[in-house]
Every structure is written in C-alpha cells, then in structure tokens.
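# This is the structure alone, sequence omitted:
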C-alpha cells in the first residue's frame, strides 16, 4: 500500500480536486502526503527588461504559498499527516515536470497525485501539459485528476 504520496499542486480547480483524492487515499492507507508547488522561474531566465524580475518571483512564490495553504488547511481538517514544500526550477532547461520528478525521487514517493486540465488538440500543443510530460517519465504510479467539466471552461 502507499505510504508516501506526493501531491503536486498549482492552485487550479483540477489541483483542488487532486487534494481531495490524495486525502482520501492517505486516510485509507494511513499514508503521509508530501504536497509540492513548483515555482517555474523560466520566465525570469528569459528576462527582457519589461518587468521587475524580483516582483515576478515574489508573485510566483505568493501563488505557491496560497496553494500550499489550501493543502495545509485540508490536511488539518482531514486529520491526515503531511507537509508542504515549495521548490523552484533550477535553470532555463529545467521545467515543472522534471522538477516534480526530481522531487518525487528525493522524497521516495510511491504514488504521485496531480491535477490535469484535460486539454486536447491545439491548446495542448501550444500550452503543453505538465501532467502528460510527468507521466511519460515517472518512476512510480501516477493518479491524474480532472477538474469538474464546468470548472475548466475557457474564459
């Protein structure tokens, strides 16, 4: 049974559903949840002088604190053991999926739970898919959780 569940969060509606599923699994298995938020600093590496890079980094970290705060509240409410951590991409060649894989290996995750937006066609090609990239080279089982259909409607 699963003992170390890594929960990747990004604050999206699919991520919020992933929190619920991870909590259910952890409660059943008496497992520990390791919640992680990745700050993607790739925009900083491509800095072109149009914005304050420190302000952008602060905003990205603020988003991470908010997403991890939601996890913390859910862990406490659910009585599930866990911890939250923010990690950052390391270079221009690093991406969120690679960073997540590195973290899963570091903590010895035996299951990773993450949300997916379920994009198809051109939107997926243009925007990419962290969950799809992660799934392709994951070394442990992965549970992908989609948002409710109405929650992920394009704006």
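Good, I have the coordinates. Just so we're clear, the structure is a prediction, and the values are computed from it rather than from any experiment.
# how much space between residue 82 and residue 111?
13 Å (CB to CB, to the nearest Å). To be clear about C-beta, it is placed using only N, CA and C from the backbone, and glycine gets the same treatment.
# For residue 144, give me its contacts.
Counting by CB atoms under 8 Å, 6 or more residues apart in numbering, residue 144 touches 114, 115, 116, 131, 135.
# Direction included, what does the host helix or strand of it pair against?
According to DSSP states H and E, residue 144 maps onto strand 142-146. Its sheet considered, strand 142-146 pairs with strand 111-116 (parallel) by DSSP bridges.
# returning to what we had before: of the contacts of residue 144 - the most surrounded one?
residue 115 (27 neighbours; other CB atoms under 10 Å).
# which non-adjacent residue is nearest that one?
residue 14 (3.0 Å; CB to CB, 6 or more residues apart in numbering).
# hang on, that neighbour packs against residue 117?
Yes: Residue 14 is in contact with residue 117 according to CB atoms under 8 Å; the separation is 5.8 Å.
# On the three-state scheme, the nearest residue to residue 105 once chain neighbours are set aside is what?
Once flanking residues are discounted, residue 105 sits nearest to residue 139: 6.6 Å by CB to CB, 6+ apart. Three-state call for residue 139 (DSSP: H, G, I helix; E, B strand; the rest coil): coil.
# and the gap between residue 139 and residue 30?
From residue 139 to residue 30 the distance is 23 Å (CB to CB).
# Same check on residue 71?
Note on residue 71: its distance to residue 30, by CB to CB, is 18 Å.
# okay, these two: which has more neighbours?
Taking other CB under 10 Å, residue 71 and residue 30 do not tie; residue 71 has more neighbours (24 against 11).
# pretty sure the more buried one is in contact with residue 8, am I right?
No: Residue 71 is beyond contact range of residue 8, at 10.4 Å (criterion: CB under 8 Å).
# Between those two, which contacts overlap?
Residues touching both residue 71 and residue 8 (CB under 8 Å, 6+ apart): residue 35.
# residue ranges for the strands of the chain, please.
Here the chain has its strands, by DSSP state E, at 4-8, 32-39, 82-88, 111-116, 142-146.
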